[in-house]
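S.K.: the amino acid sequence is not available; the structure is as follows:
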């Protein structure tokens, strides 16, 4: 099967490589000439475990191609995926003009039947606009070429995206015709031979499903963060509460971990877009609006704990920050809690020494020389008045406490992910602060 994927960001590149791995002939398209040239050389614009060797393997096999010209790869293409960005507008709504630009190009240059499929997260009604744009362009050419539209939202977790794509727990596809359904079914069947879990539905429902899924997960995170904050005030321990409620099969254990708030490219953007969608349709999403407010407040919790611990006397303090990406196994720092913490610390007159296994270059491009980017986790902690664990990378899980005790100015650990044993850390001579746990 010949497919084209427009946009070589996180979703587009992972999707394209995984389709190629299963035998499809894939052309990835992007308007960024330098990015395309780098990809042809095997230089990736993102970090994702296992992705680089898959890119190289499928290029060598002749199944994966990169170009800046969508029009040149439309001949005999059966499916065109739009995986371009949908950044938030100032009012929180999703900007879909890149998606419509792709549709416009397809309408101008397509010469055979194809299924135009939105892979990006887009508001309900986007596919209908895509259909209108393509039809208008075909009308300008005075040609009648049949096509279908589909919605195929992605549910990839950064850091585990390849496994999510290759062995999905479900694939959601919105279609309008039986022909489009058959094509999408054939495309995904190799991924789901033993248990075919493609959920076909109408297009608007598929578009909404992505927002609903992310909003539900964001809600669980904000709920647990609020419970953690209440636990601190009442003397309860959120870790014990988490185990207690997670044992209920109706609730389950996932996304019940307290922390400094969610970040990344999806949850913050999609929650705000859903809020905007509700307002535009005269139905305020009051619960989701609260989720967003709780998360914005939670991103300040680490700074507030430091501020309170030092009695407001933060000026001149050196603070070590472990972890910059919004979650482990990615270099993505978009909306990361670490950025809120660092900017607050700098404003308070602190010196910040930070380390992350992967996201240093991304953070350096954003923060410049305002902080010290350490060469390793221990250099970051050297002479620090406090060590703040923000991102739970595996290499941070078993630090040499004796070494830290010797090199730190003040033995204070602020565990933003509750990964350490408070008693053990205290026995090593440290003051310990967590999120919603009893010490």
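M.R.: Happy to help now that I have it. These numbers were taken from a predicted model, which means no experiment stands behind them.

S.K.: tell me, how many residues neighbour residue 335?
M.R.: Residues contacting residue 335 under the criterion other C-beta atoms under 10 Å number 19. In this view, the C-beta of every residue, glycine as well, is placed from N, C-alpha and C.

S.K.: phi, psi of the nearest residue to residue 392 once chain neighbours are set aside?
M.R.: Nearest non-adjacent residue to residue 392, counting by C-beta to C-beta, 6 or more residues apart in numbering: residue 417, 4.2 Å away. Residue 417 adopts backbone torsions of phi -130, psi 10, taken as degrees, to the nearest 10.

S.K.: you'd agree residue 417 is up against residue 388?
M.R.: No: Residue 417 is beyond contact range of residue 388, at 10.3 Å (criterion: C-beta atoms under 8 Å).

S.K.: can you pull out the strands in the stretch 201-350 of the chain?
M.R.: 318-322 (DSSP state E, counting those that start in this stretch).

S.K.: then the stretch 1-150 of the chain?
M.R.: Going by DSSP E, counting those that start in this stretch, the stretch 1-150 of the chain shows strands at 2-6, 25-29, 64-67, 79-82, 115-118, 148-151.

S.K.: by contact count, what packs against the last one?
M.R.: What that stands for is strand 148-151. Identification of packing neighbours for strand 148-151 by 3 or more C-beta pairs under 8 Å, 6 or more residues apart in numbering; DSSP states H and E yields strand 115-118, helix 126-141, strand 171-175, helix 178-188, helix 203-234.

S.K.: if you set the cut-off to 10 Å instead, what comes out?
M.R.: Contact analysis of strand 148-151 by 3 or more C-beta pairs under 10 Å, 6 or more residues apart in numbering; DSSP states H and E lists strand 79-82, strand 115-118, helix 126-141, strand 171-175, helix 178-188, helix 203-234 as its packing neighbours.

S.K.: tell me how far whichever helix or strand comes after that strand lies from the chain's centre.
M.R.: Per DSSP states H and E, the first helix or strand lying C-terminal to strand 148-151 is helix 161-166. Centre-to-centre, helix 161-166 and its host chain are 14 Å apart (C-alpha atoms, centre = their mean, to the nearest Å).

S.K.: who are the contact partners of the nearest residue to residue 336 once chain neighbours are set aside?
M.R.: For residue 336, ignoring the flanking residues on the chain, the nearest one in space by C-beta to C-beta, 6+ apart is residue 326 at 4.0 Å. Neighbouring residues of residue 326 by C-beta atoms under 10 Å, 6 or more residues apart in numbering: 158, 260-268, 332-339, 359, 390-391.

S.K.: what do you get for residue 320?
M.R.: Counted by C-beta under 10 Å, 6+ apart, residue 320 has contacts 351-355, 372, 374, 377-389, 404, 407-409, 412-414.

S.K.: for residue 389, same thing?
M.R.: Residue 389 neighbours (C-beta under 10 Å, 6+ apart): 260, 302, 320-323, 377, 396-397, 399, 413-420, 434.

S.K.: who's it bridged to?
M.R.: Following DSSP bridges, residue 389 is listed with bridge partners residue 322, residue 415.

S.K.: and it, how far from residue 26?
M.R.: Distance of residue 389 to residue 26, given as C-beta to C-beta, to the nearest Å: 40 Å.

S.K.: gap between residue 312 and residue 281?
M.R.: Applying C-beta to C-beta, the value for residue 312 to residue 281 is 45 Å.

S.K.: residue 379 now?
M.R.: 52 Å.

S.K.: the two: which is more packed in?
M.R.: Between residue 379 and residue 281, counted using other C-beta under 10 Å, the more crowded position is residue 379 (14 against 10).

S.K.: name the next helix or strand downstream of the strand or helix carrying residue 362, please.
M.R.: Assigned by DSSP H and E, residue 362 falls within helix 360-367. Scanning forward in sequence from helix 360-367 by DSSP H and E, the next helix or strand is strand 372-373.

S.K.: can I get the helices and strands packed on strand 148-151 in JSON lines with mean pLDDT?
M.R.: Output for these, formatted as JSON lines (pLDDT from 0 to 100):
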{"stretch": "strand 79-82", "mean pLDDT": "98"}
{"stretch": "strand 115-118", "mean pLDDT": "98"}
{"stretch": "helix 126-141", "mean pLDDT": "96"}
{"stretch": "strand 171-175", "mean pLDDT": "96"}
{"stretch": "helix 178-188", "mean pLDDT": "95"}
{"stretch": "helix 203-234", "mean pLDDT": "97"}
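
S.K.: for these, which one sits closest to residue 248?
M.R.: For residue 248, the closest of the helices and strands packed on strand 148-151 is helix 203-234, at 13.1 Å, according to C-beta to C-beta.

S.K.: buried set for that closest one?
M.R.: 203-204, 206-211, 213-215, 217-229, 231-232 (16 or more other C-beta atoms under 10 Å).

S.K.: how much space between residue 187 and residue 151?
M.R.: 14 Å.

S.K.: the more surrounded of these two?
M.R.: A direct count of neighbours by other C-beta under 10 Å for residue 187 and residue 151 places residue 151 higher, at 28 against 23.

S.K.: which ones are touching that one?
M.R.: 117-120, 122, 124, 126-127, 130, 172-176, 201-210.

S.K.: could you rerun that using 6 Å?
M.R.: Neighbouring residues of residue 151 by C-beta atoms under 6 Å, 6 or more residues apart in numbering: 118, 127, 174, 203, 206, 207.

S.K.: tell me which of those is nearest to residue 183?
M.R.: Closest approach to residue 183 among the contacts of residue 151 (C-beta to C-beta): residue 174, at 13.4 Å.

S.K.: ok, for that closest one, nearest residue in space, not its chain neighbours?
M.R.: Of all residues not flanking residue 174 in the chain, residue 206 sits nearest, at 2.7 Å (C-beta to C-beta, 6+ apart).

S.K.: can you check residue 289 too?
M.R.: Counting by C-beta to C-beta, 6+ apart, the residue nearest residue 289 is residue 275, at 5.5 Å.
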